[in-house]
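> When you get a sec, could you give me coordinates for this:
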Amino acid sequence: MTKVRLSFPPNEPVPLGNEVCVSVAGDNGEIRPNWAGRRIPCRPRFRLAPAPGLELVSREETESLWPDEPPDGLLTFKWGGCNRGRFGWSNHRPIAGEEARVVETVWQPARQPLLVHSGRETSATEIHCGVVNFPRFSGRGDELRRGDDGGSTRHGRVRAQAGPWLIELKECGNARDLFGELAASQGFAVTHEARIVRSDAESIVPEEASLLLRALDDFLSFARGSCCSLALVTAVDESEEVVWEQWGCRRVDPWRRWSSSWLDLQHGHTLGEAFPGFWAVYSGCRERRAALSEALYWYVRSETHQSGVDGGLILLQAGLERLAHTFFRPKTGRNELTASWLRDALTERQIPVGIPTGSDALGAYAGGVAGKDGTRDGVFAVTKLRNNSVHPAKDADVPDGAYYETWELARWLVEVMVLNVTGYEGEYANRLSRRFIGQVERVPWARSD
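Here you go, the predicted structure:
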């Protein structure tokens with residue numbers, strides 16, 4: 001194992017160290033008996049396209065491995081004395097130009113990332129990793145890098161301290177060319193690199209670090225507005241020798257110019273201001289961590305390029321309900337989620353619930369479907385239109401543009417609810433009123449200085 005560099009062309013696979021010889025430790029009952037204990041030499045790599053993830057690539061003579069193709073089903077692969085996960089094959093093809101009958105097989109894990117130990121007895125002191133498909137940002141902590149011509153360029157960088165963890169996130173060195181190629185290909189690339197250490201100088205063990213890495217995945221996806229992920233995670237000791245790694249990544253959405261969210265790309269320093277509170281909730285009680293993670297799962301999948309505004313509205317309502325049931329429990333002891341309950345909870349936390357200015361179609365819809373108490377605010381309209389999507393009424397009259405404006409309002413509600421429950425009081429991009437990049441405002445509940 002060697003330390004992995006973090007500058008790579010978009011969409012190209014990244015080698016992950018030396019060859020490993022895996023053995024089949026078990027099967028799912030569909031595999032021939034003579035497969036038990038079979039050893040397969042494989043080269044690990046991190047694939048970027050068509051979707052990021054771990055692959056093990058094997059090349060074998062056909063007669064020594066299988067007559068036609070690998071067996072169906074998942075194999076439990078084992079190397080280094082440990083079970084590493086269940087793999088299935090995704091590609092099986094002959095190698096052109098080989099004299100013998102040699103085939104290449106690509107194996108992919110059923111779940112990732114996988115934890116891989118190097119076998120070294122030393123303790124890890126820092127973590128290096130990349131981030132796939134995070135947007136280019138700037139802010140107060142940017143780094144100036146000098147070029148060969150004597151000039152300097154500005155690169156986005158942000159630092160944060162969350163509990164004992166010190167985190168630095170910055171653009172990869174080839175950012176200017178990288179983002180241009182990425183925009184043209186609409187694919188995947190390692191856009192940023194991160195360095196993580198402990199302020200208390202304690203060693204970094206994977207069991208503790210894995211929760212932080214998952215929190216960063218969720219937080220950066222929340223900031224991007226769609227899925228991105230850490231990748232090429234490498235924990236090294238004081239001699240910069242690898243102690244353990246994570247192979248693979250979590251879900252990543254293809255590159256698009258920008259998926260709007262609460263983060264303004266000219267105020268990247270707000271990432272460092274918001275993450276400590278996010279981590280405080282995430283690393284706290286399991287129930288709240290699950291609610292936060294699940295709400296963000298629905299939030300990032302509500303982007304219109306994945307679900308459309310009507311489907312996105314249904315997903316956002318699921319996120320609103322998950323947050324409300326955990327963080328906004330009513331004092332009356334009722335457990336059901338109603339528009340009136342959610343309205344009261346948001347108002348108590350100084351989150352506006354009215355129809356946003358300029359949302360004329362949403363206002364017209366709300367005016368025609370007022371609640372039993374005459375309420376015609378944004379919270380009621382979101383709930384009503386979502387219910388109309390799931391259980392359509394015959395006489396429903398939805399004005400053109402109402403779904404999109406309601407989707408925008410629901411996205412905003414999830415964003416401000418997450419920022420509120422994680423204790424953030426800084427600046428953010430208000431999607432309901434922003435007209436240009438760089439326009440920010442304080443969150444509604446922020447205390448005046």
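> Sketch out the low-pLDDT regions of the stretch 101-250 of the chain for me.
101, 148, 150 (pLDDT under 70).
> can you map out the strands along it?
For the stretch 101-250 of the chain, applying DSSP state E, counting those that start in this stretch gives strands covering 102-109, 114-117, 126-132, 143-146, 152-155, 157-162, 165-171, 190-198, 229-236, 242-247.
> of all those strands, which gets the most neighbours per residue?
Neighbour counts (mean count of other CB atoms under 10 Å) averaged over each of the strands of the stretch 101-250 of the chain peak at strand 229-236, with a mean of 25. To be clear about C-beta, it is placed using only N, CA and C from the backbone, and glycine gets the same treatment.
> That one pairs with which strands?
strand 126-132 (antiparallel), strand 242-247 (antiparallel) (DSSP bridges).
> could you dump those strands to TSV with distance to residue 114?
Below are the strands paired with strand 229-236 laid out as TSV (distance: least, CB to CB, whole Å):
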stretch	distance to residue 114
strand 126-132	14
strand 242-247	5
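> immediately after the longest helix anywhere in the chain, which helix or strand?
Using DSSP state H, we find that the single longest helix of the chain is helix 304-327. Going down the chain from helix 304-327, the next helix or strand is helix 339-348, by DSSP states H and E.
> what about the helices in this structure?
Using DSSP H, helices in the chain cover 62-65, 175-185, 206-224, 269-282, 286-300, 304-327, 339-348, 360-368, 378-390, 402-421.
> Burial-wise, tell me which of the ones you listed comes out on top.
Mean neighbour counts for these (mean count of other CB under 10 Å) peak at helix 402-421, with a mean of 23.
> helices or strands up against that helix?
Helices and strands touching helix 402-421, by 3 or more CB pairs under 8 Å, 6 or more residues apart in numbering; DSSP states H and E, are helix 269-282, helix 286-300, helix 304-327, helix 360-368, helix 378-390, strand 427-428.
> quick one: it to helix 286-300, angle?
150 degrees (axes from the mean of the first three to the mean of the last three CA atoms, to 10 degrees).
> gap between helix 402-421 and the chain center?
Relative to its parent chain, helix 402-421 has a centroid offset of 19 Å by CA atoms, centre = their mean, to the nearest Å.
> Next: stretch 339-347.
Counting by CA atoms, centre = their mean, stretch 339-347 comes out at 29 Å from the chain centroid.
> Show me what the strand ranked longest in the chain pairs with in its sheet, parallel or antiparallel.
Longest strand in the chain by number of residues, with DSSP state E as the criterion: strand 82-94. Here strand 82-94 is paired, per DSSP bridges, with strand 75-79 (antiparallel), strand 102-109 (antiparallel).
> Make a markdown table from the ones you listed and add distance to residue 274 to it.
Formatted as a markdown table, the strands paired with strand 82-94 follow (distance: least, CB to CB, whole Å):
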| stretch | distance to residue 274 |
| --- | --- |
| strand 75-79 | 39 |
| strand 102-109 | 32 |
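> Out of those, flag the one nearest residue 51.
Of all the strands paired with strand 82-94, it is strand 102-109 that lies closest to residue 51, at 10.1 Å by CB to CB.
> The closest residue to residue 202 other than its chain neighbours - how many residues pack around it?
In this structure, residue 202 finds its nearest non-sequential neighbour in residue 164, 7.1 Å apart by CB to CB, 6 or more residues apart in numbering. Other residues lying near residue 164 total 14 when counted by other CB atoms under 10 Å.
> OK, contacts around residue 164?
198-200, 202 (CB atoms under 8 Å, 6 or more residues apart in numbering).
> swap the cut-off to 10 Å and go again
197-202, 204, 208, 212 (CB atoms under 10 Å, 6 or more residues apart in numbering).
> Between which two of the residues you listed is the distance greatest?
201 and 212 (16.5 Å).
> returning to what we had before: any chance of the helices of the chain in a markdown table, plus distance to residue 152?
As requested, the helices of the chain are exported to a markdown table (distance: least, CB to CB, whole Å):
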| stretch | distance to residue 152 |
| --- | --- |
| helix 62-65 | 55 |
| helix 175-185 | 13 |
| helix 206-224 | 27 |
| helix 269-282 | 19 |
| helix 286-300 | 35 |
| helix 304-327 | 36 |
| helix 339-348 | 46 |
| helix 360-368 | 47 |
| helix 378-390 | 46 |
| helix 402-421 | 34 |
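> Any figure for the gap between the residue nearest to residue 202 and residue 343?
Using CB to CB, to the nearest Å, residue 164 is found at 39 Å from residue 343.
> again with residue 323
From residue 323 to residue 343 the distance is 14 Å (CB to CB).
> Now for the spatially closest residue to residue 191 that is not a sequence neighbour, how many residues are close by?
Nearest non-adjacent residue to residue 191, counting by CB to CB, 6+ apart: residue 134, 5.2 Å away. Using other CB under 10 Å, residue 134 is surrounded by 24 other residues.
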